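# mind looking at a prediction? Sequence and model below.
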Amino acid sequence: MRPLALIALTLALALAAGADKVVMKDGRTYEGVVLEENDKVVKLKTSRATLTLPRDQVASIEKTAGGTARVEREERMEALSPDKPVAYLELAEWLTGPGKDALEIETLKRLCNAASKLDRSLACRAQKVLAAAHDARGERAEACKAWLRAACADPEDAEAKEKAAAGKKEIDAATIADMKELLTAVDLVIAQKWKDAAIALRKTQSHLWADHVLDYTRMSIKELASDAQRRVVCDVCKGKGDEPCQKCGAKGLITCKTCEGKGRKSGVIGKGGKDPTFAEYVCRSCHGMGSTLCVECGAQRDVKIMSLDSKGQTVTQIHTEAGKERNALLKVVSLDTYKVLKSEAPLLNISPEAVSVGGLKLCATCHGVKYDPPATWPDYEGLKRYKAALEDRISGKTPIGEVLADGSYFDAVVIEQGCMRYSGGKWSE
């Protein structure tokens with residue numbers, strides 16, 4: 001195996017790489033890995049799904065270096081099978097090699113932990129790869145945990161044993177620092193300083209030992225933060241939980257830059273000198289609506305589609321949401337010909353109605369929590385016991401506790417539900 005220092009270096013370089021970019025004619029942009037490209041479709045693997053995009057609707061494709069390697073990655077991931085554990089580890093090592101594309105750490109975590117669970121003899125080697133990956137990303141706590149799992153898998157491995165011992169000290173130090181901040185937050189709750197408590201609790205909800213609060217009281221740190229915030233009238237939103245969206249000026253709409261809000265092209269003359277049809281003059285960026293819904297505040301509105309067939313005018317109404325407007329239209333009409341899909345009737349107009357949802361977004365100061373003082377109080381006695389437990393561990397009176405459960409040579413949380421197979425961009429059982 002390559003030296004771990006080399007793995008960390010090559011991984012750090014890989015993380016700086018970019019993704020392929022596909023720009024559509026309507027202005028949308030997707031980033032990911034181009035798996036296939038022909039005169040009909042472009043298949044793009046994004047972080048969420050594999051998209052099949054019509055080639056005639058693609059304006060441009062910008063490919064980054066390493067595209068061939070990324071296609072190979074997808075092929076190797078599709079071929080993974082639980083009866084061949086070493087393939088998961090070999091793919092993880094390959095992904096951290098020189099010249100590969102940007103690495104998704106979640107993918108590497110799944111590969112290394114799957115290999116570890118399926119074959120314990122591979123666990124030490126797999127956790128070392130994972131530790132190097134976390135180190136390259138500056139994620140020391142996660143790297144230390146991987147070293148501890150490596151040492152658990154093979155107690156005789158000198159490197160793992162040394163790194164695990166150092167990692168335990170690091171994690172203990174980080175845990176004590178987190179405990180001190182948790183202690184401050186708990187003190188603020190007990191003192192009923194709700195505004196400061198809400199801020200401190202939100203900051204500490206992901207801290208080490210934060211989840212232990214449930215051993216002493218009926219509420220998690222996150223729930224305590226919400227409880228505290230509900231008792232405070234936010235200075236920004238005045239307790240409403242939301243505030244005007246700055247991106248759209250509280251309108252829920254973004255004016256189309258292509259047509260400047262007119263919904264149509266300028267200076268278009270119809271065939272034979274006649275008045276242009278809707279398909280001829282419509283702005284293909286906003287599809288005649290003059291605006292798009294603001295994604296920032298999740299705006300929504302209804303849209304009326306008017307068409308003309310042999311029986312006369314027909315009006316179809318659809319509901320659209322920000323970021324999904326085009327898909328909603330595509331269920332009814334062709335945006336290439338601007339005709340109704342079922343009847344081939346030409347469109348006369350696409351007319352948006354007033355925004356029904358939007359213009360407001362969750363207040364960033366109070367995180368959308370409205371002023372609504374709870375009728376009951378937090379479990380102060382339980383919080384005092386939690387506080388005492390924190391103080392005992394900070395002072396050294398009581399051991400901090402094990403970082404990992406005994407015998408943990410893989411991270412069970414990462415591969416819970418046994419999702420070991422990869423197909424179509426998704427992991428499944």
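Right, received. Where do you want to start? Numbers count the residues shown, from 1 in each chain.

# contacts, neighbours, all on C-alpha from now
Will do.

# so what's the residue count around the nearest residue to residue 276 once chain neighbours are set aside?
Of all residues not flanking residue 276 in the chain, residue 270 sits nearest, at 3.7 Å (Cα to Cα, 6 or more residues apart in numbering). Residues within reach of residue 270, counting by other Cα atoms under 10 Å, total 13.

# give me the pLDDT for residue 270.
pLDDT for residue 270: 78.

# ok, it - contacts?
Residue 270 makes contacts with 276-277, 280, as judged by Cα atoms under 8 Å, 6 or more residues apart in numbering.

# kindly recompute the last result at 10 Å.
276-278, 280-281 (Cα atoms under 10 Å, 6 or more residues apart in numbering).

# just the buried ones among those residues, please.
277-278, 280-281 (16 or more other Cα atoms under 10 Å).

# residue 324: which of those is nearest?
Proximity of these to residue 324 was ranked by Cα to Cα; the top entry is residue 278 with 22.2 Å.

# the protein: helices as residue ranges?
For the chain, the helices defined by DSSP state H occupy 4-15, 67-78, 85-95, 105-118, 120-136, 140-153, 158-190, 194-204, 221-230, 278-281, 325-330, 380-395.

# would you mind listing the buried residues in the last one?
Along helix 380-395, the positions that meet the burial threshold by neighbour count (16+ other Cα under 10 Å) are 382-384, 386-387, 389-391, 393-394.

# do the same with stretch 330-340
For stretch 330-340, by 16+ other Cα under 10 Å, it's 332-335, 338-340.

# TSV for those residues, including distance to residue 366?
Shown next, in TSV, are the buried residues of stretch 330-340 (distance: Cα to Cα, whole Å):
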residue	distance to residue 366
332	41
333	42
334	44
335	42
338	45
339	47
340	46
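
# any chance of these in TSV, with distance to residue 211 and pLDDT too?
Converted to TSV, those look like this (distance: Cα to Cα, whole Å; pLDDT from 0 to 100):
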residue	distance to residue 211	pLDDT
332	49	92
333	51	92
334	52	91
335	51	89
338	55	93
339	56	93
340	55	93
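
# quick one: mean pLDDT for stretch 204-213?
Averaged across stretch 204-213, pLDDT comes to 92.

# typo on my end, it should be stretch 125-133
94.

# any weak-confidence spans in the chain?
Applying pLDDT under 70 to the chain flags the ranges 1-19, 47-48, 64-70, 98-103, 402-407, 417, 424-425.

# so which bits of stretch 123-142 are buried?
123-136, 140-142.

# let me know whether residue 302 touches residue 355 as I believe.
Yes: between residue 302 and residue 355 there is a contact at 7.6 Å, judged by Cα atoms under 10 Å.
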